Structure formats: C-alpha cells, structure tokens
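In: task: produce atomic coordinates for the following.
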Amino acid sequence: MDRHAKHLVVADLTWRIWYLAMGIHLLLEQEIHSPAVALARALWETLATLAYLVKHPKFQDEAIVLLGFSFLEQAKHFAHQPELVKERTGIVDRMPARLVAEAKRRAAKYPFTWSGLKIRQLAEAGDVTGYAEAYAYFSTETHGTLVGENVKVVTGDDGKAHIKFGRQLDPKSVESLANFARRSLHAAFKTMWDVFKGPPVVFHGEDPETWLKAQGSP
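Out: Purely as a prediction, here's the structure:
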C-alpha cells in the first residue's frame, strides 16, 4: 500500500480533474453558469492538492497522510454503513502507524485539513496561482454569497419595471471557464505522466506546450 500510494493518489486526483473539466464543458454547453463555477472551484482545489503533493519533499509520506485522512473522514461521515467503515478502517490499519497518527492530528487541529494548511497556503506551496483572481470569485458563487445575478428588476422599453429571470453568459465568460478547465486538465496530465515516468508524448501536429510557451504562460 505505502509503496504505491503516491501513484494511486496522483491517478485519483487526475481522474477527478478529468471529471470536473468534462462537467464544466457540459454545463457551459447548456449555459448553466453557477454550477459550472462551483465545479471550477473544486477543480482549482484539486489541482492545488496535486501540485502541492508532487512538490513536497516527502511526497510519498504526504500521499499516505492524504489517503489515511480521506478514509478516516469517510468512516466518520458514513458511520451508519458498517461495511464501508470496516473496509476503510481495514485499509487504514495497514498504513504506517506514524502517518495515520499524523492524519488524525491534522484532522483534530485547525484548519482541520489533510495537509494542515489553509487552501491558500497549500496552493502557494504548490506554485498554483489564481487564488485572489479566480478562487475567491468561485467561492462566492459556490457558497451563495453572490446574489443579484440570476433574477433582476430591469426597466423595459415601455418604461416599466420588469422581472428578468435567468442569466445570460457572454462569450468571454464561457471561454474563460472553458480555458481554465482545459489548461487544468493539461497540467494534471503532465504531472501524472511525469510521476508515472511515461515515455515522451509524440505530437503529429502543433505541440500545445510550444504554443503555451509562446504565449508566455506559466
């Protein structure tokens, strides 16, 4: 278990990013904005977690801490499902005791996260940018603190007040979210490929990495 933990966690996080990116794409196709933004927040958090892990000097240990933390949290949340609890705790029991103890210590101490860090600190440690520019906005949409966008009172051509339901998306908003999802997926695949020591990827067209560097992208 512990020898392969980092590969398991990296693959799992990359798969999650794939799901989230595809979900954003499908929601934008239907012009369903707020749920797409909520998924973008989850995607940013997952990408930050992945980046933090692979750059941590104790990558392997931290991967096990994350696994242990996750399984212990599931056992707590689903205490009414004895089979699930038995399975998760059985896996935890086979993990290194010192790392399980560390996962429990972090779960019991503020900020009560698997890493022991706030999300902003975790992102900075993983060199993931966009906390102030994107994540803060994503959070307002996710937590319901951004209002006045889905239902508005507007003045019609007749000079009377009309209630307007729904939210129209401008092309720039759609492309901004779609591009964020695409680039996150690209970064996650690159990271996973490096961790798994995959062979060089051969492009039979324009290499997107070359294009990114030409744009001065990070």
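
In: so how many other residues sit close to the residue nearest to residue 21 when sequence neighbours are not counted?
Out: Nearest residue to residue 21, sequence neighbours excluded (C-beta to C-beta, 6 or more residues apart in numbering): residue 181, at 4.1 Å. Where you see a C-beta, it was placed from the backbone N, CA and C, and this is true even at glycine. For residue 181, the neighbour count with other C-beta atoms under 10 Å is 23.

In: please report phi then psi for residue 181.
Out: Phi and psi for residue 181, reported as degrees, to the nearest 10, are phi -60, psi -40.

In: what's the helix or strand residue 92 falls within packed up against?
Out: Using DSSP states H and E, residue 92 sits within helix 82-93. Packing partners of helix 82-93 (3 or more C-beta pairs under 8 Å, 6 or more residues apart in numbering; DSSP states H and E): helix 59-77.

In: which strands and helices sit next to the helix it packs on?
Out: Looks like helix 59-77 contacts helix 5-29, helix 33-55, helix 82-93, helix 97-108 (3+ C-beta pairs under 8 Å, 6+ apart).

In: now do the contacts for residue 71.
Out: Counting by C-beta atoms under 8 Å, 6 or more residues apart in numbering, residue 71 touches 88-89, 91-92.

In: which one among those gets closest to residue 20?
Out: Using C-beta to C-beta, the shortest approach to residue 20 within the contacts of residue 71 belongs to residue 88, at 23.3 Å.

In: quick one, what contacts that closest one?
Out: With contact set as C-beta under 8 Å, 6+ apart, residue 88 has these partners: 71-72, 74-75.

In: which one of the residues you listed has the most neighbours?
Out: residue 71 (21 neighbours).

In: quick check, pLDDT for that one.
Out: At residue 71, the model reports a pLDDT of 97.

In: that one and residue 54, how far apart?
Out: 21 Å (C-beta to C-beta, to the nearest Å).

In: before we move on, what about residue 129?
Out: The gap separating residue 129 from residue 54 is 16 Å, by C-beta to C-beta.

In: now residue 160
Out: Separation of residue 160 from residue 54 (C-beta to C-beta) stands at 58 Å.

In: between the contacts of residue 71, which is nearest residue 172?
Out: residue 88 (44.0 Å).

In: circling back to that earlier point, spatially, which two of the contacts of residue 88 are the most separated?
Out: 72 and 74 (7.3 Å).

In: next, give phi and psi for residue 165.
Out: With angles defined as degrees, to the nearest 10, residue 165 sits at phi -100, psi 150.

In: typed the wrong thing, it's residue 151
Out: phi -140, psi 130.

In: give me the neighbour count for the residue lying closest to it once chain neighbours are set aside.
Out: Spatial nearest neighbour of residue 151, excluding adjacent residues (C-beta to C-beta, 6+ apart): residue 165 at 5.6 Å. When neighbours are counted by other C-beta under 10 Å, residue 165 registers 7.

In: what's the answer for residue 78, then?
Out: Count around residue 78 with other C-beta under 10 Å applied: 13.

In: per-residue pLDDT of the nearest residue to it once chain neighbours are set aside, please?
Out: Leaving aside its chain neighbours, residue 78 sits nearest to residue 84 (5.1 Å; criterion: C-beta to C-beta, 6+ apart). Looking at residue 84, its pLDDT is 96.

In: alpha carbons of the helix or strand that residue 211 is a member of, as PDB, please.
Out: Applying DSSP H and E as the criterion places residue 211 in helix 208-214. The C-alpha trace of helix 208-214 is given here as PDB (Å, rounded to 0.1, in the frame of the first residue of the first chain):
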ATOM      1  CA  PRO A 208       0.400  22.600 -27.300                       C
ATOM      2  CA  GLU A 209       3.300  23.000 -25.000                       C
ATOM      3  CA  THR A 210       5.200  25.000 -27.600                       C
ATOM      4  CA  TRP A 211       2.100  27.200 -28.100                       C
ATOM      5  CA  LEU A 212       1.800  27.800 -24.300                       C
ATOM      6  CA  LYS A 213       5.400  28.900 -24.000                       C
ATOM      7  CA  ALA A 214       5.000  31.300 -26.900                       C
END
